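> Give me the fold of what follows.
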Amino acid sequence: MITNPSPSLSFRNKLQAYIHLTRFDKPVGIELVLWSTLWAVFLAGVEVGQLPPWHVVVIFFVGATLMRAAGCAINDFADRKVDGHVARTKTRPLADGRLSGREAVWAFLVLSWISACLLVFLPIDVFIWSFGGVALAFIYPFMKRFTHLPQVFLAAAFGWGIPMAYVAVSSVVTGQAQVDFWAWLLFIGYMAWTVAYDTQYAMADREDDLKIGVKSTAILFGKHDVLIISLLQGVFLLCMAPVFWHYFADTVGIWSVVPLLPVIAMFIWQNKQCLTYDRQLCFKAFLDNVWVGRYLFLVILILTWLEVA
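Numbers count the residues shown, from 1 in each chain. This is a model prediction of the structure:
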């Protein structure tokens, strides 16, 4: 049951509630958005033949962090009437009454505004493209009431930084905004990976979601969930392989795609955990995806340096 926000919270407790609302205390979610955005920033740099301008890297680093936090705030607003009935989410600040729905909406608006302010240091094209990301971040939480595919909207929202990164780097370096085939292939691959790992996340909540009528891919996929997760991970790898080959084969040849092999091992380990159908292990499989993001960013960073140095 949702309680009324407490007017007696101290400043420290109120601040802690906002930190919990925006998940700044749980950096894994931030990283899952951040690393893919930075993949795109550096790959876009290879596309124009140089390392990306460092002010672009910093702006996308901060912007991705803030927009993920904004997304969490509006997600909790949308879920404020159901989070109290789910074991994993019943201590969220709107569910336990530490914050009100109005405060969550204001957090979303303020964080989105700060993110938008960062874009004054980039060409106007980036600002125009940002409206797509804000719209996706806003509508995603409400989709789980209407479709079993809310994870697709989440993936698009999380991945929107990819085309934005290409627009930013190309506009700053060449004066012309460009989002080419390789940017969209990276975006599609990232979406497949995101739907896969968020289905792992949803598997941990499936029993509670069925009781309260919340829709998810974990419910839609049913007994075929791990198989479909594996297929989505395969789509991700099939997208990443030609992307890596396109950008780095001229410099390192076959070694441009060999670094993807450890990712296969990571996915196999995740899926073995999910096959137990244990809530904690499914959630751990989701958390392990942060190592995929970190590892691939390190690979892209090294290969980018070799390509443009």
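
> Residues touching the one helix or strand in the chain whose mean pLDDT sits lowest, excluding its own?
Least confident helix or strand, the chain: helix 206-212 with a mean of 80, by mean pLDDT, DSSP states H and E. Residues outside helix 206-212 that contact it (C-beta atoms under 8 Å, 6 or more residues apart in numbering) are 82, 85, 86, 87, 88, 202, 215, 216, 218, 219. C-beta: built from backbone N, CA, C; applies to glycine.

> next helix or strand past the helix or strand where residue 30 lies?
Following DSSP states H and E, one finds residue 30 within helix 27-47. Downstream of helix 27-47, the next assigned helix or strand under DSSP H and E is helix 54-78.

> Which strands and helices lie in contact with that next one?
Contact here means 3 or more C-beta pairs under 8 Å, 6 or more residues apart in numbering; DSSP states H and E; on that basis helix 54-78 packs against helix 11-22, helix 27-47, helix 101-118, helix 124-143, helix 161-174.

> Now do the buried residues in the second one.
Spelled out, it's helix 27-47. Using 16 or more other C-beta atoms under 10 Å as the test for burial, helix 27-47 gives 29-47.

> now swap in stretch 268-285 and tell me
For stretch 268-285, burial by neighbour count (16+ other C-beta under 10 Å) applies to 270, 271, 273, 274, 279, 281, 282, 283, 285.

> Verify the stated contact: the fifth one with residue 204.
What that stands for is residue 279. Yes - assessed by C-beta atoms under 8 Å, residue 279 is found in contact with residue 204 at 4.7 Å.

> Give the residue spans of the chain that score low on pLDDT.
Applying pLDDT under 70 to the chain flags the ranges 1-7.

> Hey, what's the angle from the longest helix along it to helix 27-47? Just curious.
Using DSSP state H to define each element, the chain has its longest helix at helix 225-252. Angular relation of helix 225-252 and helix 27-47 on a 0 to 180 degree scale: 30 degrees, by axes from the mean of the first three to the mean of the last three C-alpha atoms, to 10 degrees.

> helices or strands next to helix 225-252 in the packing?
helix 27-47, helix 181-203, helix 217-221, helix 261-274, helix 289-308.

> Out of the ones you listed, which gets nearest to residue 253?
helix 289-308 (11.6 Å; C-beta to C-beta).

> residues contacting residue 32?
Residue 32 touches 158, 194, 197, 289, 290, 293, counting by C-beta under 8 Å, 6+ apart.
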